[in-house]
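> Here is a sequence together with a model predicted from it:
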Amino acid sequence: MAAVRLPAPPAARWAPLPRSASASASSRRLRPTGRLAARRAKGEEAGEAAAPPVRTLLIDNYDSYTYNVFQELSVVNGVPPVVVRNDEWTWRDVFNRVYKERAFDNIVISPGPGSPACPGDIGVCLRILCECGDVPILGVCLGHQALGFVHGAKIVHAPEAIHGRLSEVEHDGCYLFNCVPSGRNSGFKVVRYHSLVIEAGSLPDDLISIAWTASPKMLSFLESDRSNVSTSAFLGSLDNFFIANPPECSNSGGQLSSKSNASESDSSRVIMGIRHSSRPHYGVQFHPESVATHYGRQIFQNFKKMTNDFGLHSSWLQERKVNSAELRNSALKNLLHTERLELWDPIGAHILANRGSANKYLRLRWKKIDNFICPTVGSDDIFALLFGHQNGEDTFWLDSSSVDQNRARFSFMGGKGGPLWKQMTFHLSGETANCGGTLVVRDVYGSHGKKFIKEGFLEFLNKEIQSIQYNEQDYEGLPFDFHGGFVGYLGYGLKVECDASSNKAKSSTPDACFFFADNVVVVDHSNGDVYILSLHDELSSSNGDGICRNSTHASWLVETEKRLLRLGAMASGLPINGKALVRSSNANKQSFVVDKSKDQYIRDVESCLDYIRDGESYELCLTTQMKRKVDNINALRVYLKLRKQNPAPYAAWLNFSAEDLSICCSSPERFLRLDRSGILEAKPIKGTIARGRTPEEDECLRLQLKYSEKDQAENLMIVDLLRNDLGKVCEPGSVHVPRLMDVESYKTVHTMVSTIRGTKKSNLSPVDCVKAAFPGGSMTGAPKVRSMEILDSLEKSPRGVYSGSIGFFSYNHTFDLNIVIRTIILHNGEASVGAGGAIVALSDAEAEYKEMLLKAKAPTRVVEDCSQTMYNSDRSDSMQATIS
């Protein structure tokens, strides 16, 4: 895969060319194609509509916004670009593809963490900028700085680190900004993610500044755009949000019909764009691909047209050459190649047809009880009746305990029992990527097997899902996407199976734990309907004639329906095996202990701010754990109390008795969902504030969160990150943001939530989608890879289940996963709660510590309360049918 991290290249083996050589335009270019030359001979304009597709080589500097650039270029160019990481191809590979194979028309150099002065941060990009003098190149953020650095400009700290905030920009009318307004109040507002800048006074003669900040004042998104934003879906950048009176386009150099005068002194302005005086090389410090940048797509369209025009107007050039004679000669020899990347497959994804043949044919049977849920019977009563015995051992409950404002509609529950049921427990064998791990599988009959799987858990899960055949007619009429399959969690440590290089610490809990659930009960909270589902394997339960010989699933359907109907006839509040609760005489008086002291946490926040100021990250989600011993605590009762005190749309209960592990989750955040229509959806949360004590105070706090510049910056950074992650696996042009920075209110907090959607590429599997985005960006920061490395160095202890995902992978290729926050982990006599927050340039260390404690308050209070009370020891069923 193109996006796989490869070993870092050795230190730079070349010296920058002298300025006179690097500025030379002695390289020559291809003749225009016959079609273009003929059209030009007829006097036709090489207009954008008639222009052929442009083939872009997109160099990824390990950034979390590269695939936003990819999506924009796919739409603008007419074909997707090829994405290659900055250490994935050697310069010889680039030379071969660009000059020998002539595979690309232009090059875009992505943003990224770090500095262009560090070879490990910039990879092959500096060599490309030096040698490819006749190829149109656009550098974004780090790529922009690299263009300056390679020609001798100084890269220095910005007056202020700016991440996820907006500036108005003024430009000189260069064609890169054709049809883009300029200056204050013009509507040209851009998103900035950078801590370093090109020092204006250090620009050499062959570099020209073409854009600057129009004002030192920074803008937050909602404050600046309340009057401009009028549509409900953000498609790419804010090109769809043109101002009421857009500027007139110019056909002569991009000059505007009216150009604002500079309102600030040159010394107070930050360079936002540069170009080379004789080469077709450009750089922009801001992020044109951000969802909140205005006219971003127009800039990419202009770069495309400049690429086409450069080819037409340079007809006297015969071929591309490079400045170095040594490299010209070496190109004739056998070059070291990576595997060729197909232009239409930017991440080198596996084709599903090659994933192996199916060996299971699952058939689904189901029953429906209309309008079953009522004031006297709730989903908790159903769980108590069917799965609450023995403290809910080996059961799951994906529990939409907060259904206000249509946040969630369905709850899914089940337990051990069906013949296809099994439990899969996975432990990573090491701390590095591709280390593999140990998988233990237990079946319903008590037998278990253990094996080492080198490819890791996610690839194992992928093969399991691909091995299942099914009939779509079986679930026609069902209004939900989980029809049986895999239910459990992915721990944060599985990041090493995605894009992270290592885990610094090993978790005591399994790195992944799943059931295969063949019997499922579903509650529709919108109308009270209850569904009973059962799967069977037609290949194993028939004698080859298609007639099912195993009636276990059918009997379970009938028996479960009977039990539910009896429950519906019971009087309100009637307990099932209802023993009373008693106060423990020797109640545990312990309190939670935070892994880090307040002073250490604040020092870690300051370290994060240092990393941000140095350009190593835009945002870091710093977390910690708090723990306490819990003896004889009833885990199921802990969950019931948590769901009552802190209801959430993506809540969950999981119990794995063989691991002595119970998970009580009240998450308000969806990580990623794939529905039957192939639509992927993420709903990241960034920005949290406590509820008020009075309606007036509560509304004041809600508005305070809504217009907080810091929280908007946090949210915008993660929205752009999730757009990037979906952009890896979604059809070009399909990623959009239907809701940006909405404030949702829960029982204890207000949160800022956004929604990102896209259409999955047909040749990718559900697990491919998860691997492209896991772990959720709201729990890492951006850029994700570098941020995870930094967080590992600061946090020391493992996150375990916390920060991972809980949910399902349905046998018919849908999934829905949450972000594990606001969660209690009960394991081997200990309760742990993780909490943290996003550190950005605007963060205050003391406030970050208080926010971390606020997020942990609800789950820790539940454990403290439950540790004071226990059920009678002779009680056979620890749960009542009706919870007051």
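Sure, I can see it. Since the structure is predicted, the reported quantities are computational estimates derived from the model, not experimental observations.
> Can you tell me the SS state at the residue lying closest to residue 823 once chain neighbours are set aside?
Excluding the flanking residues, the one nearest residue 823 by CB to CB, 6 or more residues apart in numbering is residue 665, at 4.2 Å. From N, CA and C alone the C-beta is placed, and that goes for glycine too. Following DSSP: H, G, I helix; E, B strand; the rest coil, residue 665 is assigned to strand.
> so what pLDDT did residue 665 get?
Residue 665 carries a pLDDT value of 97.
> Then residue 250?
For residue 250, the pLDDT comes out at 46.
> Just the pLDDT for residue 224.
Residue 224 carries a pLDDT value of 58.
> make that residue 718, sorry
On pLDDT, residue 718 comes in at 93.
> So what pairs up with the residue nearest to residue 823 in the strands?
The partner list for residue 665 in beta bridges (DSSP bridges) reads residue 652, residue 823.
> Tell me where the stretch 51-200 of the chain is predicted with low confidence.
51 (pLDDT under 70).
> how about the strands of it, start to end?
Assigned by DSSP state E, counting those that start in this stretch, the stretch 51-200 of the chain shows strands spanning 56-60, 82-85, 106-109, 137-140, 155-171, 189-198.
> circling back: wait, doesn't the residue nearest to residue 823 sit right on residue 651?
Yes - between residue 665 and residue 651 there is a contact under CB atoms under 8 Å: 5.7 Å.
> that older thread, of all the strands of the stretch 51-200 of the chain, which one is nearest residue 426?
Across the strands of the stretch 51-200 of the chain, residue 426 has its closest neighbour in strand 82-85 (28.0 Å, CB to CB).
> quick one: residue 851 is in a strand?
No - using three-state DSSP, the assignment for residue 851 is helix, not a strand.
> my read: it touches residue 837, true?
Yes - between residue 851 and residue 837 there is a contact under CB under 8 Å: 4.7 Å.
> coming back round to it: take the strands of the stretch 51-200 of the chain and write them to TSV, including distance to residue 215 and mean neighbour count.
Converted to TSV, the strands of the stretch 51-200 of the chain look like this (distance: least, CB to CB, whole Å; neighbours: other CB atoms under 10 Å):
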stretch	distance to residue 215	mean neighbour count
strand 56-60	32	26
strand 82-85	35	23
strand 106-109	28	27
strand 137-140	22	28
strand 155-171	6	21
strand 189-198	11	25
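> want to throw those into CSV with distance to residue 794?
Below are the strands of the stretch 51-200 of the chain laid out as CSV (distance: least, CB to CB, whole Å):
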stretch, distance to residue 794
strand 56-60, 25
strand 82-85, 25
strand 106-109, 29
strand 137-140, 28
strand 155-171, 18
strand 189-198, 18
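> nearest to residue 744, of those?
Nearest of those (CB to CB): strand 155-171, 19.8 Å.
> tell me what the closest one is packed against?
Secondary-structure packing of strand 155-171 (3 or more CB pairs under 8 Å, 6 or more residues apart in numbering; DSSP states H and E): helix 142-150, strand 189-198, strand 207-213, strand 271-276, helix 598-613, helix 709-729.
> Next secondary structure after the last one?
It refers to helix 709-729. On the C-terminal side of helix 709-729, the closest following helix or strand by DSSP states H and E is strand 736-745.
> Next, the angle from that next one to helix 709-729.
140 degrees (axes from the mean of the first three to the mean of the last three CA atoms, to 10 degrees).
> any idea how far strand 736-745 is from the chain center?
For strand 736-745, the separation from the chain centroid amounts to 16 Å (computed by CA atoms, centre = their mean, to the nearest Å).
> buried sites along that strand?
In terms of neighbour count (16 or more other CB atoms under 10 Å), strand 736-745 has its buried residues at 736, 737, 739, 740, 741, 743, 744, 745.
> Same question for stretch 103-121.
104-116, 119, 121.
> got any ranges where the stretch 551-700 of the chain has weak pLDDT?
For the stretch 551-700 of the chain, applying pLDDT under 70 flags the ranges 551-553, 571-589.
> OK, contacts around residue 806?
Residue 806 sits next to 398, 488, 489, 650, 652, 654, 663, 665, 667, 817, 818, 820 when contact means CB atoms under 8 Å, 6 or more residues apart in numbering.
> one more time with 7 Å, if that's ok
With contacts defined as CB atoms under 7 Å, 6 or more residues apart in numbering, residue 806 is in contact with 489, 652, 654, 663, 665, 817, 818, 820.
> what about the fifth one, neighbour count?
By the measure other CB atoms under 10 Å, the count of residues near residue 665 is 29.
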